[in-house]
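# next input, structure requested:
(2 chains)
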2 protein chains.
Amino acid sequence: MATDIQVINWQDASAAERSAALARPVQAVSARLQAQVRDIIDRVASQGDQALLDYTAQFDGVRLASPVLPMATVAALAEQASPAVQRAIDQAYNNIRQFHLAQQPQNVQVETMPGIVCEQRFQPLERVGLYIPGGSASLPSTVLMLGIPAQIANCQERILISPPSAGGQLSPAICYAAIKCGITQVCLGGGAQAIAALALGTESITKVDKIFGPGNSYVTEAKQQVSQIAGGPAIDMPAGPSEILVIADDSAEPAFVAADLLSQAEHGPDSQVILLSPSRTLIEQVKVELSEQLAALPRQSIAQQALSASALILTRDLTEAVAISQAYAPEHLLLQFDDTDSYLPKLTNAGSIFVGHYTPESGGDYATGTNHVLPTYGFARNYSSLGLLDFYRRYTVQTVSAQGLQDLGQTLIDLAAEEQLDAHLRAVSLRLESPRMQADLAAEQLSQESRS
Amino acid sequence: MATDIQVINWQDASAAERSAALARPVQAVSARLQAQVRDIIDRVASQGDQALLDYTAQFDGVRLASPVLPMATVAALAEQASPAVQRAIDQAYNNIRQFHLAQQPQNVQVETMPGIVCEQRFQPLERVGLYIPGGSASLPSTVLMLGIPAQIANCQERILISPPSAGGQLSPAICYAAIKCGITQVCLGGGAQAIAALALGTESITKVDKIFGPGNSYVTEAKQQVSQIAGGPAIDMPAGPSEILVIADDSAEPAFVAADLLSQAEHGPDSQVILLSPSRTLIEQVKVELSEQLAALPRQSIAQQALSASALILTRDLTEAVAISQAYAPEHLLLQFDDTDSYLPKLTNAGSIFVGHYTPESGGDYATGTNHVLPTYGFARNYSSLGLLDFYRRYTVQTVSAQGLQDLGQTLIDLAAEEQLDAHLRAVSLRLESPRMQADLAAEQLSQESRS
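Okay, here's the model as predicted:
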């Protein structure tokens, strides 16, 4: 099976060739798609459940009586998951839970001056919506990646929505994962209509504070649109096609490298896979392996399309490879060479890094413990990988005593005067000059003396 | 001076009256404004500095030679700040720095299974853009609120941009604050064109990873638009008009409450101020105080407009006031009653909470230590107050040994099979079956035995 993947010698490449090799596939959102999504959101806003059910009939081919799958049904379906799948989900759950438990935030309290106490408090989001894509296969791993941190944060309502199967249900594996994560409501629906239902609420689905999860171009566009609504939900991160970058040298196993590149390529025709290596031999061997392994894949035409937009790049050395990776900022970054300790501190622009010959991308996709919801499309430069913190919000609390205000007052007055905000100034001066504050100051000082 | 502020008895109010009393002013972004901002962004994209300088001449009335204010000029201007302003900025800086220093994140490392190590690492954003609004007065406090966390996080490039004064410079107070925060580049520009320059970069301004800071409707719309660009910058949070909610009872000082309400009302005609109190007497006294204090304010017409869209609400008791506040989710929440400890745990939906009679909003606006960049417009339900964490991104790292993969392999295979991702499965099975892995497994076991 031939692959069209290009081989580029970085030293010989022109600036234009270099930037073409690392260019991401253009994500054109057509005006037509935007308008379609806007219509869907509007209809869910005005007709609620009925609109969602109609769209489900239209797009998923199932006419449901209700968009809610009762928890008793979910529990019964979960029991139908095979013992192997149950065991796999159990082990993945344990690892993901351990790693996310360790991310628990700590409230902060500081007395910045005597009598002035400032606090930062973390509060779980009250209602979260978790979107699980449908399609040909069931995706229980995404249930775990979204459901476990929501469970640890203890978000009060954890609503899962996913397109129904032809039978109007969800797969036993999804249901088994949902039960493990203590999902509070399971809903049936997909695409823009599912996002609209979470964002706006319907008769049977609660409006949520934040929407998480990957999806197709309709889901992505709908998430963007609802996040712009005044008072609308937050969303986890901007989306883009999945991508992998492998840095490998002669110590790497060509078959491993090729397998990892293909595991990314099979995600979709717009997936991007890149190998950076100072070894011409390795690149040639990986190319041969790609052809051989591709022949055995069921999703080979998807992978082949992805490879044709990808590149195997010969670099001068590992240092140059590191610099290229930093500029590209991949979603998944695999390091398959021996001396990773020397290079890891310089590799910061990535969603998730997989270190060493025995850390395939599928490890993190499923079960090492890290989250597989990651910034892609270059957003690994400025967005975070999904983590426990994304299920909390932070707010601050401050308490100032009469003495604290006495000591800070002049600063507040001088800054308010500089900013010409007179009422800000007077809220301070009026207190400083009040008989009540003088009395309370005296009382505070007395109580402090009696304590010391 | 009469105020039009309405007094509402919550018990007597109909559902419609209740929701009208708490309705936020509608933020209609006109299609015309959206198109104007789009044009400005496009022109900065194509013409860079020249476009920025032309817009500055047009909107700020100053024809500059360069959008960069040299650091030597910034330093010289800083020295012209009055001793009082310098001292005030110094004290504010110390408090804000202390509180934000305490927010430093800790990397996480967990061995989820023998041979499987997962890490979460925090990395400062490399380049941040800090927008400081211009207008009638200089706003050094916003420089501190954005500049101090960027300095603590040690973001490599910390670029400040603010509309120039008539003389083509910035105020000594802003320059003094900028020097204290170690701003690396100070630029001149305002409105959508300043946001576009930060988002896209120009000949003299570096493209940034994230844009922070408040602004008018052009700035807000420009931030929204650039955050939608593929590979574009992140933004701090959605914006809306400022708002305050005070819960007070008979123990409160009416003059203090009125002064705090007015310090919010003077921000802008669309600011919203709400008092919730179980005390009819307090409400009447606050109303009288509002009229009296309003008469003395330079920004009285702005404050008067804001008050006319606001409300003093009589509640059954403090518990009802707490419930109303939770539903409203104010940006600033002031508690002026004695038993705050009993109610504070239930008050979680707010940007920042000000506890007790001596904690005016201006305290947190300037110098207690908390950040004054806060979610407003109901976003305090699902967005965080600005903090040190907003200047970092998180990414994960995982390292799996041969033994780790051996123990986790079946789980990965079973989940990949369930999700019908064959290449994911083969990236694991191919390793498990390889002679190399068998050899490395043996070597790992040997080394472990020799260690134990």
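
# how many other residues sit next to residue A:49?
By other CB atoms under 10 Å in any protein chain shown, 18 other residues sit near residue A:49. Quick note: C-beta positions are derived from backbone N, CA and C, even for glycine.

# what are the phi and psi angles of the closest residue to residue A:171 other than its chain neighbours?
In space, and not counting its chain neighbours, residue A:171 is closest to residue A:138: 3.4 Å by CB to CB, 6 or more residues apart in numbering or on different chains. Residue A:138 adopts backbone torsions of phi -90, psi 150, taken as degrees, to the nearest 10.

# what is the burial count for residue A:138?
Residue A:138 has 25 neighbours, counted by other CB under 10 Å.

# the closest residue in space to residue A:93 that isn't next to it in sequence and residue A:135: what is the separation?
Using CB to CB, 6+ apart and skipping residues adjacent in sequence, the residue nearest residue A:93 is residue A:180, 5.3 Å away. Using CB to CB, to the nearest Å, residue A:180 is found at 22 Å from residue A:135.

# what about the helix or strand encompassing residue A:174, distance to the chain center?
Residue A:174 belongs to helix A:172-180 when assigned by DSSP states H and E. Centroid separation between helix A:172-180 and its chain, computed with CA atoms, centre = their mean, to the nearest Å, is 20 Å.

# which other helices and strands contact that helix?
helix A:71-79, helix A:83-101, helix A:140-153 (3 or more CB pairs under 8 Å, 6 or more residues apart in numbering or on different chains; DSSP states H and E).

# highest mean neighbour count out of the ones you listed?
Compared across these, helix A:140-153 shows the largest average neighbour count, a mean of 26 (mean count of other CB atoms under 10 Å in any protein chain shown).

# quickly check: it near chain B or not.
Yes - using CB under 8 Å from any CB of the partner chain, helix A:140-153 reaches chain B at A:140-141.

# okay, now the sheet partners of the next helix-or-strand element following that helix, with direction.
The helix or strand immediately downstream of helix A:140-153 is strand A:157-162, counting by DSSP H and E. Its sheet considered, strand A:157-162 pairs with strand A:127-131 (parallel), strand A:185-188 (parallel) by DSSP bridges.

# would you mind finding the most buried of these?
strand A:127-131 (a mean of 28).

# and the angle from that one to helix A:172-180?
Orientation check (axes from the mean of the first three to the mean of the last three CA atoms, to 10 degrees): strand A:127-131 against helix A:172-180 gives 160 degrees.

# re earlier: how about the residue nearest to residue A:93, what does it touch?
Taking CB atoms under 8 Å, 6 or more residues apart in numbering or on different chains, we find residue A:180 in contact with A:89-90, A:93, A:144, A:147.

# could you list the residues of the stretch 51-200 of chain A in contact with chain B?
Selection of the stretch 51-200 of chain A residues close to chain B by CB under 8 Å from any CB yields A:84-85, A:87-89, A:91-92, A:94-95, A:98-99, A:102-103, A:108-110, A:112-113, A:116, A:118, A:120-121, A:123, A:125-126, A:136-141, A:173.

# break chain A down into its domains, please.
Following automatic domain parsing, one finds the domains of chain A at A:6-27+A:240-369, A:31-98+A:123-238, A:401-451.

# end-to-end on the first one?
Between the opening and closing residues of domain A:6-27+A:240-369 lies a distance of 34 Å (CA to CA, to the nearest Å).
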